[in-house]
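Visitor: Predicted model follows, preceded by the sequence.
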Amino acid sequence: MTYNHLLVSQKGGILTIALNALNQAVLSELHTVLSEASSTVSVRGIILTGAGQRAFAAGADISELQNLTAEEAERMASKAQESVFNLIESFSKPVIAAINGYALGGGLELALACHIRLASENAVMGLPELRLGIIPGFGGTQRLTHIVGRGPALELILSSKQISAFEAMRIGLVNHIVRPEKLLQLAQELMLEILKNPPNAIAAAIKAVNAAITSDGFQQEINAFGSCFENSESREGINAFLEKRKPSFF
């Protein structure tokens, strides 16, 4: 399928989505692609990246915010979070953000919703919304705090400063940094390593780790652990270990 605002390609089980901005049209297309990928068996993992080297996603189109009422702003934020950001965070297949260039405002919030973040050496990240008299509205205050802790999150949000990939890695915002030309290669290699594991177990692990930020996280982990035993993957994995052979999940 052809999209007007996204570059979408698939190689093996990996679907790569490239974008540049985060206006309403892009968010709508992202929702469509992600929804289709969720139910497409051949898609086992997703890499989100920027189209080109200049930006991962430069943030929301400020012109779309200009005349919003409080009620309209709440509706916009709620719709975006539910249709895209929460969808990515709770996605049952692994989603890796390959951050090349600028990831500011909504662009960084998009990366925060992904399960793993990788960055090129030229990446620049920040949540500059306070400079507009607003705050991050696509989950940034929550996810950044969960990922890097209260102090670093407040510093980044309240200062509106932009940080380098190296500073982002120091505070735990990204997992790895590589040269720009190696970024997608690293993302693909990491995804392939993840996809050696069975899909139901991957989905259960994502669900359980996400639950760590809720008060019932331990119970969620227990429930997800139990669900692993409802399919043949756990039986095959356990039997293969005991029989000292390589499991056959696929």
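Guide: Structure received.

Visitor: C-alpha only now, for contacts and for neighbours.
Guide: Noted.

Visitor: is Ile47 in a bridge, and if so with what?
Guide: Beta-bridge pairing of Ile47 under DSSP bridges involves Thr16, Ile96.

Visitor: Next, the contact list for it, please.
Guide: Going by Cα atoms under 8 Å, 6 or more residues apart in numbering, Ile47 touches 14-17, 95-98, 187-188.

Visitor: isn't Asn86 right up against Cys114?
Guide: No. If you go by Cα atoms under 8 Å, Asn86 and Cys114 don't touch, sitting 9.5 Å apart.

Visitor: out of those two, which sits in the busier spot?
Guide: Between Asn86 and Cys114, counted using other Cα atoms under 10 Å, the more crowded position is Cys114 (23 against 17).

Visitor: So what does that one look like in phi/psi?
Guide: Main-chain dihedrals, Cys114, degrees, to the nearest 10: phi -70, psi 160.

Visitor: any idea how far the spatially closest residue to Val8 that is not a sequence neighbour is from His5?
Guide: Closest residue to Val8 apart from its sequence neighbours, by Cα to Cα, 6 or more residues apart in numbering: Ile17 at 4.7 Å. Distance, Ile17 to His5, by Cα to Cα, to the nearest Å: 10 Å.

Visitor: Same question for Thr40.
Guide: 21 Å.

Visitor: where's the residue nearest to Thr2 when sequence neighbours are not counted, which helix or strand?
Guide: Closest residue to Thr2 apart from its sequence neighbours, by Cα to Cα, 6+ apart: Val8 at 7.9 Å. Per DSSP states H and E, Val8 falls inside strand 7-11.

Visitor: any idea how far the helix or strand hosting Arg235 is from the chain center?
Guide: Using DSSP H and E, Arg235 maps to helix 232-242. The chain centroid and the centroid of helix 232-242 are separated by 30 Å under Cα atoms, centre = their mean, to the nearest Å.

Visitor: Which positions in that helix come out as buried?
Guide: Buried positions in helix 232-242, judged by neighbour count with 16 or more other Cα atoms under 10 Å: 233-234, 237.

Visitor: Now for this structure, the helix or strand with the poorest mean pLDDT.
Guide: Least confident helix or strand, the chain: helix 217-227 with a mean of 77, by mean pLDDT, DSSP states H and E.

Visitor: what's the angle between it and helix 232-242?
Guide: 80 degrees (axes from the mean of the first three to the mean of the last three Cα atoms, to 10 degrees).

Visitor: what residues does helix 217-227 touch?
Guide: Against helix 217-227 from outside (Cα under 8 Å, 6+ apart): 204-205, 207-212.

Visitor: Could you pick out the longest helix of this structure?
Guide: helix 24-38 (DSSP state H).

Visitor: how about the helices in this protein?
Guide: When assigned using DSSP H, the helices of the chain occupy the ranges 24-38, 70-80, 86-89, 106-113, 140-148, 150-159, 165-170, 183-194, 199-210, 217-227, 232-242.

Visitor: Tell me which of those helices lies nearest to Ala60.
Guide: helix 106-113 (5.5 Å; Cα to Cα).

Visitor: Show me what the closest one is packed against.
Guide: strand 55-57, helix 86-89, helix 140-148 (3 or more Cα pairs under 8 Å, 6 or more residues apart in numbering; DSSP states H and E).

Visitor: how many degrees apart are it and helix 140-148 in direction?
Guide: Per the same axes, to 10 degrees, the angle that helix 106-113 makes with helix 140-148 is 50 degrees.
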